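Asker: just need the structure, nothing else, for what follows:
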Amino acid sequence: MSAPPSTPPAQEENQAPENEGLTVDTGLKPAGPTPSSSRFQVDLVAEAASGADKTPSSDSTLASGDKAPDGSEPAAGGEEAKGRFRVVNFMDPSGASPPEVVPAEGFQNGDTVMSEGSLHSSTGGQHHYHYDTHTNTYYLRTFGHNTIDAVPNIDFYRQSAAPLGDKLIRPTLSELHDELDKEPFEDGFANGDELTPAEEAAAKEAAEPKGAVKFGWIKGVLVRCMLNIWGVMLFIRMSWIVGQAGIVLSCVIVLMATVVTTITGLSTSAIATNGFVRGGGAYYLISRSLGPEFGGSIGLIFAFANAVAVAMYVVGFAETVVELLGSVDCIMTDEINDIRIIGTITVILLLGISVAGMEWEAKAQIFLLVVLITAIFNYFIGSFIPLKSKESQGFFGYDSAIMMENMGPDFRDTESFFSVFAIFFPAATGILAGANISGDLSDPQLAIPRGTLLAILITGIVYLGVAISTGSCIVRDATGNGNDTLTAQFMVNCTDAACKFGYDFSSCKGDDGQYNCRYGLQNDFQVMSIVSGFGPIITAGIFSATLSSALASLVSAPKVFQALCKDNIYPGLEMFAKGYGKNNEPLRGYILTFCIALAFILIAQLNVIAPIISNFFLASYALINFSVFHASLANSPGWRPSFKFYNMWVSLAGAVLCCVVMFVINWWAALMTNVIVMGLYIYVSYKKPDVNWGSSTQALTYHQALTHSLHLSSVEDHIKNFRPQCLVMTGYPNSRPALLHLVHAFTKNVGLMICGHVRTGTRRPNFKELSNDQTRYQRWLLKNKTKAFYTPVFADDMRQGTQYLLQAAGLGRLRPNTLVIGYKSDWRDGDMMNVETYIHMIHDAFDFQYGSVVLRLKEGLDVSHISEQDDLLSSQEKTSGMKDVVVSIDMTDGDSSKPLSKATSVQNSPAIQKDDDDECKAATKPLLKKDKSPQRLNVADQRLLDASQLFKRKQGKGTVDVWWLFDDGGLTLLIPYLLTNKKKWKDCKIRVFIGGKINRIDHDRRAMATLLSKFRIDFSDINVLGDINTKPKKENVTAFEEMIEPYRLNEDDMEQDAAEAQKASEPWRITDNELELYRAKVNLTTLAITILLTHIQSMPLARKGAVSSALYMSWLETLSKDLPPLLLVRGNHQSVLTFYS
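Answerer: Numbering: from 1, shown residues only. Take a look at the predicted model:
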């Protein structure tokens, strides 16, 4: 939305009828809408009403950025906005258009059309435009009134600035829905479209300057794929494969490879058409589908594989050149050093072509393709022209006898079908050559499917044609000696196909069964040169195939590596993300690729590394296929590729085939590839890069969680599977660390933990802020490795909010069954109605069949008033569009001379947060911004801060004392058992205290030991309290009576009506009748204070409506004051332990 107009309201009113077109945005707008009351002023406008009154020059004047009619200067930035929007006036009712307005081509009356300038702005397209909703009449023609609601527009859905256009901001829900007298919330980007750092980098990549070279599907994909697939294998190994495997099995080998590549091509097409594709090729496709873990792993090894492939192809080229030099006796030094010299010169020339730009590289590829196609045609033409001079070398022209003889296999030298297949399959790799430069394609969604699949089809047909052709016109063995002809007497006994033409090549097979001839399919790798019409053209084709593949790999590796570095998956590689020139060329990546290739060229021993490279490519293909299967299995609504010719099960079969082929080619290389991929996967998983690409892994996780939750709901709970699932009233999760850490200690990897937070206040609830807080603190929990969910609610008071959480928190079987709260240590200092609310929370938990747990630390629990207790969330941890939270801490209480109350006084409520403007500001946001000079903590705060970390540390040797005085179903015993099973508590032993009689201590101890043994719970000791029914000490009784005295009703000293009225207004008051009725329980409570040195104890239960809140709190206070950390536990009296199997 536009910023508020700078003109006064009165002046603006006068100008409104004059400027009925779309008001041009005044320069760059902030990242979010600026609140303005004018946003909500919606005026009904008659379309034809103002046509007669409108002056012809009014709109054109404003649109052009000149002075307004009143003489005022237009808003700053109007000149920049010129051309960004063009406004066409509504037609005059009479039908006459103003003479000054010249209709633009393609414009419609009443429409606002974005000009070309808006698609590629001078600043790289990083603008977000907003409509002025006060004067905007863009939607007048559609709806008949000037609404700020927006019609569907593609620019609203752009993730960032892109080559196809700029992002527009639709009106936010707050602007359309909030009350008119309420200032709308500043949403920033609508619908949470704020960008992560990785997406910002992608946005910069997408916002390309004018003049960037873009390729269509032929030059960008088809040509590159064909050149990569037609490697040297076509000319120097295909004939040998036919000789070994025969025509039939050779065709099977080609078809098997084609099936794998076709399935991978279909999967690639599906992923490429499921949204806008940026640069990065295979890495981009896999990472955006399966997530950064697999994407980062494959991206690194794929880039490395392409870099080493440059060396492989260049060495292949150098070997051919050295052979030619050797044939004319022109070796410079020796064979191996000549390969190094020629390879180094070649890779330097290729680097020069690549650095010159994609346009020059594309021209070089076109030239190489022409040479390659010429060589292929040269071979086929030559195969139809048999010459007498070539017959001694095994070429006789097409003949059925030769074809039938070569139809079956003739494996030699330990070769087999799979070994021959392993040699051929690398020739089929190269189908991603076009996808690897996806960032340089004008329309990747069209180019990648069309170019890749057509390249696979054409190259597959050519490979099949060469296999059938060579097998039909060339024999397997030939001597090359023209004198090896048959005489009439030997013609009868000769059965070879060559005998038909008068040649006897039987001498090729020695007496030891070994073949020793130089010519024929089995022996001569250059046989296609012999067959061709002009031999040197085949040599040129070999040069073209090697150089084109090397050039494609030299371009692919830096492009993929640049995309990987831009996403910052691996720290320390950011320097390679920088691009140069109009095409964002990765020059640093080119240099790195050149160095890697040069190193392997100088080694000149690629036989070991070659199988690993092929396996790296196959691993990429396998993951692309698996990505399609995984995305289809996740059934995410976002998976809707426009390319429909794929099937999830076919893609899975393709992934399995790729894995099988990996082991067929070389089993140890396949194992090494898997180890490398898994190692990188584990590393990226551990680093957890801050990216969110909406991967299918995320979608499948949701799908599985939903399915399992529904399945879990169909099964009744069983005692053996009971686990404490806790609703912990922490407030903000970092405001009560001790409560959070203790509950997390016994629920981690065992049960559910929900951090409940009730927010109350006199202001109207800000649900947007609540939603932001929920996202923020959930990320805080994840950052601190706390397996819990944060659930805040707005409510009128603490009890109502707790009731909301008790009823609605959780999902299906994943619902809390235990309420955990902090002890209200300041209950005697504040309003007793807060105590009434606190006690009713416990009653409500029992009403909902929850167990209840109360934690008390003598230092207190709430640390939210201590500003240094938690660091600010980093920018990566904040949710998109999150503002910094700055909260002032009032260090005085009403008067500047009064210090802040002591630490425990903030515990008025275990999880309540008031949103009043004038109170509780210090606790509103626990994530506080540190001052430059940190505040010195007083002694009480320091002790509180130390105590808050008590349960986070490893517990030393000691005991967890369990006072199991009342059988509540076993929760009092289960919690300490779960605690002592954890690593930090493993040195602690369980010591059980039970009530009993003085004359049955041994019997009670044995009975309890038997029960614990049946429960399979280890314990160090059992203590029977035989004196539990003795009278308490007089001083303890006196102390208890002094505690409750301020809260007694003393109804015997007043009239009955007055007593009833006071009891009704102050329900927490303790009546004399109530005190007398529960005298025995009071005695037991005051007795316990003399002997209690415990951690976990059965919580006394108060009958609802019979025991007042003050009396109940007095019991809890007497039981727990001045003690070590104490956990009061009361289950819901349903068994949670069983000794049955």
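Asker: chain center to the one helix or strand residue 821 maps to, what's the gap?
Answerer: For residue 821, the element it lies in under DSSP states H and E is strand 818-822. Relative to the chain's own centre, strand 818-822 is displaced by 34 Å; criterion: CA atoms, centre = their mean, to the nearest Å.
Asker: what helix or strand is the most centrally placed residue in the chain on?
Answerer: Per CA atoms, centre = their mean, the C-alpha nearest to the average position across the chain is that of residue 692, at 3.3 Å. Counting by DSSP H and E, no helix or strand carries residue 692.
Asker: go on, residue 854?
Answerer: Going by DSSP H and E, residue 854 is in strand 851-856.
Asker: give the burial count for residue 155, as a bare number.
Answerer: 18 (other CB atoms under 10 Å). Using the backbone N, CA and C atoms, a C-beta is placed for each residue, glycine as well.
Asker: part of a strand, is it?
Answerer: No: read with DSSP: H, G, I helix; E, B strand; the rest coil, residue 155 is helix and lies in no strand.
Asker: that one and residue 845, how far apart?
Answerer: 52 Å (CB to CB, to the nearest Å).
Asker: what sits against residue 754?
Answerer: 726, 727, 728, 788, 789, 790, 791, 805, 809, 810, 816 (CB atoms under 8 Å, 6 or more residues apart in numbering).
Asker: could you point out which element follows whichever strand or helix holds residue 1035?
Answerer: For residue 1035, the host element (DSSP H and E) is helix 1034-1044. With elements assigned by DSSP H and E, the helix or strand that comes after helix 1034-1044 is helix 1056-1065.
Asker: same for that following helix, what does it pack against?
Answerer: Judged by 3 or more CB pairs under 8 Å, 6 or more residues apart in numbering; DSSP states H and E, helix 1056-1065 is in contact with no other helix or strand.
Asker: what mean pLDDT does it have?
Answerer: Mean pLDDT, computed over helix 1056-1065, is 84.
Asker: can you check stretch 466-486 too?
Answerer: Averaging pLDDT along stretch 466-486 gives 84.
Asker: over to stretch 664-676?
Answerer: pLDDT averaged over stretch 664-676 gives 89.
Asker: put the alpha carbons of that stretch into PDB.
Answerer: Provided in PDB are the C-alpha atoms of stretch 664-676 (Å, rounded to 0.1, in the frame of the first residue of the first chain):
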ATOM      1  CA  VAL A 664      27.300 -53.000 -12.000                       C
ATOM      2  CA  ILE A 665      29.800 -50.400 -13.200                       C
ATOM      3  CA  ASN A 666      32.100 -50.700 -10.200                       C
ATOM      4  CA  TRP A 667      31.000 -52.000  -6.800                       C
ATOM      5  CA  TRP A 668      33.800 -50.400  -4.700                       C
ATOM      6  CA  ALA A 669      33.200 -47.000  -6.500                       C
ATOM      7  CA  ALA A 670      29.500 -47.400  -5.700                       C
ATOM      8  CA  LEU A 671      30.200 -48.000  -2.000                       C
ATOM      9  CA  MET A 672      32.600 -45.100  -1.900                       C
ATOM     10  CA  THR A 673      30.000 -42.800  -3.500                       C
ATOM     11  CA  ASN A 674      27.400 -43.900  -1.000                       C
ATOM     12  CA  VAL A 675      29.800 -43.300   1.900                       C
ATOM     13  CA  ILE A 676      30.600 -39.800   0.600                       C
END
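Asker: flag the shaky bits of the stretch 901-1050 of the chain, pLDDT-wise.
Answerer: Of all residues in the stretch 901-1050 of the chain, those with pLDDT under 70 make up the ranges 901-936.
Asker: quick one, helices of the stretch 601-750 of the chain?
Answerer: Secondary structure of the stretch 601-750 of the chain (DSSP state H, counting those that start in this stretch): helices at 609-634, 648-665, 667-687, 696-713, 737-747.
Asker: CSV for the ones you listed, including distance to residue 287?
Answerer: Converted to CSV, those look like this (distance: least, CB to CB, whole Å):
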stretch, distance to residue 287
helix 609-634, 10
helix 648-665, 17
helix 667-687, 10
helix 696-713, 11
helix 737-747, 33
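Asker: of those helices, which approaches residue 1062 most closely?
Answerer: When the helices of the stretch 601-750 of the chain are compared by CB to CB, helix 737-747 sits nearest residue 1062, at 35.5 Å.
Asker: please work out the angle formed by the directions of the very next helix or strand once past the closest one and helix 737-747.
Answerer: Downstream of helix 737-747, the first helix or strand assigned by DSSP H and E is strand 753-760. Orientation check (axes from the mean of the first three to the mean of the last three CA atoms, to 10 degrees): strand 753-760 against helix 737-747 gives 150 degrees.
Asker: from the chain's centroid, how far away is the next helix or strand after strand 753-760?
Answerer: The first helix or strand that comes after strand 753-760 along the chain, using DSSP H and E, is helix 767-783. Averaging C-alpha positions (CA atoms, centre = their mean) puts helix 767-783 18 Å from its chain's average.
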